[in-house]
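Trainee: Okay, predicted coordinates and the sequence, questions at the end:
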Amino acid sequence: MQDLERRLAVLEAEVASLRSSRGRLRRAGMAAAAGLLAAAGLGLARPAERTVEAERFVLLDAEGRTRATLGCGGAGEPEFSLLTPEGAPAAVLGLQGPGFGSLRIRAPGPLGEIEVGTTLLGQPALVVKDAEGNLRATLGLSNGLSAGLQLYTGAAVPAFRAVTTPEKSVLLGLFDGRGVERFGASVLDRGSVGIMLFDRKGEVRTSAIVEKDDLPAVRLYDAGGKTRAEMEVRGDGGAGMGLRDSRGSLRAVVGISGAGDSGFNALAADGKPLVTLGARANGDMNLAFSSGGTKPLAEFGASMRNGPGGKAFSFLSLGSSTDGRSRMQLQALEAGPARLGLFDEEGRFRTALSVASGGQAGLGIMDVEGNPRISVAWGGPEKEQGLLNLSPEGKVLHRLP
């Protein structure tokens, strides 16, 4: 009994100790929770913002020298500058105007500076200047996305230009000391390539082009920009050259065909032929004079082997000044007869005179219907000669010895 009471007393003491320890732990947990809440509260509360206002900030190095500045430049636009130990600007980042930002990097010594930025139109650009601030080179994009490079002389005068377009064309230009373009070259998207030469006023005077079909052409221009001479090679293998007057009318043409035929034409102001000279590859040639009509007034021709029997022959034809109708024809056949024919105003054959290779000569006169009325012959193998007066049906009416 006493042992049981003693064990109960011990248990009650242990229970009381546990109750005391539990209270201490509860109070410690509440304190820790309160501390965590306080800490969380401090973390959520943002400190008050602080603003530093100034017109200019200056950064000094260990020796007290100004190495960087932040402020507004002379134009009132913000800029950030990095300086050399001597205080010279080495790099400047800022605005040159509304919407025009730039970064200027100055090379050491007298080499000038490079500026990268955007123009007032929002176009990216790179600018190179010399030590005196003169413009020497620009590189940029236009609104049409054409890229351009331009070089300048020491006086900021254009000297060279290169442009590429979105259509894959390339344009080049060279300028004289006055900034006037004197030479241009282009490679166009359609495959043609060309060059242009300009006078001292910048007017084009010569152009040469090779088209996409690889056919070349050259043109010369007057001071007013009108074409005065042109030369080209055609797809059939032929070539030609034309000359124009001050009004642009074609007045002379020289050409050769792919088959080897060559010719020359002198034209009136309205384009009608006046003089025609031709030479065929087979040896034939002719010369004709016209008054602007469709038929020549005078024509001379010769063939080396296309006459009767494959022989050479030549001819001369004279026509009327009003309608070009032939009035006289003269023909000569190699080792053969020579003939002279006369025609009336209507182009009807009226008189013929011929000399044969054997020595026989003859004269024939025809009426308006073309019927022979008088025939005269002399010479010949039997040395006979005589005069015949013929009827319209060709019957002999008179014979004279």
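Mentor: Yep, it's here. Numbers count the residues shown, from 1 in each chain.

Trainee: doesn't residue 176 make contact with residue 198?
Mentor: No. Applying Cβ atoms under 8 Å, one finds residue 198 not in contact with residue 176, separated by 9.2 Å. From N, CA and C alone the C-beta is placed, and that goes for glycine too.

Trainee: Between the two, point out the one with more neighbours.
Mentor: Shown here are residue 198 and residue 176; by other Cβ atoms under 10 Å, residue 198 has more neighbours (21 against 16).

Trainee: Do a quick rundown of the strands in the stretch 301-401 of the chain.
Mentor: With DSSP state E, counting those that start in this stretch as the definition, the stretch 301-401 of the chain shows strands at residue ranges 313-319, 326-333, 338-343, 349-355, 361-366, 372-378, 386-390, 396-400.

Trainee: quick one: the longest one to strand 313-319, angle?
Mentor: Same thing as strand 326-333. Put simply, strand 326-333 runs at 170 degrees to strand 313-319, going by axes from the mean of the first three to the mean of the last three Cα atoms, to 10 degrees.

Trainee: What helices and strands are in contact with strand 326-333?
Mentor: When contacts are defined as 3 or more Cβ pairs under 8 Å, 6 or more residues apart in numbering; DSSP states H and E, strand 326-333 sits against strand 313-319, strand 338-343.

Trainee: roughly how far is that strand from the heart of the chain?
Mentor: A distance of 52 Å separates the centroid of the chain from that of strand 326-333, by Cα atoms, centre = their mean, to the nearest Å.

Trainee: Same question for stretch 84-103.
Mentor: 40 Å.

Trainee: Could you list the buried residues of that stretch?
Mentor: Under the neighbour-count criterion of 16 or more other Cβ atoms under 10 Å, stretch 84-103 has 90, 91, 92, 93, 94, 95, 96, 100, 102 buried.

Trainee: Doesn't the first one lie inside a strand?
Mentor: Just to be clear, that refers to residue 90. Yes. Checked against DSSP: H, G, I helix; E, B strand; the rest coil, residue 90 lies within a strand.

Trainee: Surely it is in contact with residue 106?
Mentor: Yes. With contacts defined as Cβ under 8 Å, residue 90 counts as touching residue 106 at a distance of 5.8 Å.

Trainee: Could you check how far residue 251 is from residue 161?
Mentor: Plainly put, residue 251 is 37 Å away from residue 161 if you go by Cβ to Cβ, to the nearest Å.

Trainee: I meant residue 54, not that one.
Mentor: Counting by Cβ to Cβ, the gap from residue 54 to residue 161 is 45 Å.

Trainee: Next: residue 194.
Mentor: Separation of residue 194 from residue 161 (Cβ to Cβ) stands at 16 Å.

Trainee: Which stretches in the chain count as helices?
Mentor: Here the chain has its helices, by DSSP state H, at 2-44.

Trainee: which regions of it lie under the pLDDT threshold?
Mentor: Segments of the chain classed as low confidence (criterion: pLDDT under 70) are 1-47, 97-99, 109-110, 119-122, 143-144, 292-294, 305-310, 320-324, 358, 379-401.

Trainee: Show me it divided up by domain.
Mentor: Split into domains by automatic domain parsing, the chain comes to 56-131, 134-210, 215-271, 282-401.

Trainee: Next, format these as a markdown table and append distance to residue 48.
Mentor: Below are the domains of the chain laid out as a markdown table (distance: least, Cβ to Cβ, whole Å):
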| stretch | distance to residue 48 |
| --- | --- |
| domain 56-131 | 22 |
| domain 134-210 | 47 |
| domain 215-271 | 75 |
| domain 282-401 | 102 |
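
Trainee: quick one: which of these is nearest residue 50?
Mentor: Ranking the domains of the chain by proximity to residue 50 (Cβ to Cβ) places domain 56-131 first, at 15.5 Å.

Trainee: pretty sure residue 116 is in contact with residue 101, am I right?
Mentor: No. Using Cβ under 8 Å, residue 116 is not in contact with residue 101, being 9.3 Å away.

Trainee: for the nearest residue to residue 263 once chain neighbours are set aside, which residues make a bridge with it?
Mentor: Once flanking residues are discounted, residue 263 sits nearest to residue 278: 4.1 Å by Cβ to Cβ, 6 or more residues apart in numbering. Bridge pairing for residue 278 (DSSP bridges) gives the partners residue 263, residue 286.

Trainee: ok now do residue 278, which residues does it touch?
Mentor: Counting by Cβ atoms under 8 Å, 6 or more residues apart in numbering, residue 278 makes contact with 261, 262, 263, 264, 285, 286, 287.

Trainee: Look up the closest residue to the first one, ignoring the ones flanking it.
Mentor: This points to residue 261. Nearest residue to residue 261, sequence neighbours excluded (Cβ to Cβ, 6+ apart): residue 280, at 4.8 Å.

Trainee: any idea how far residue 219 is from that neighbour?
Mentor: For residue 280 relative to residue 219 (Cβ to Cβ), the value is 29 Å.

Trainee: One more: residue 366?
Mentor: 54 Å.

Trainee: my guess is residue 66 contacts residue 57, does it?
Mentor: No. Residue 66 is beyond contact range of residue 57, at 10.7 Å (criterion: Cβ under 8 Å).

Trainee: gap between the closest residue to residue 333 other than its chain neighbours and residue 203?
Mentor: If the residues on either side of it in the chain are set aside, residue 333 comes closest to residue 313, at 4.5 Å by Cβ to Cβ, 6+ apart. As judged by Cβ to Cβ, residue 313 and residue 203 stand 53 Å apart.

Trainee: So between the two, which is more surrounded?
Mentor: residue 313 (19 against 14).
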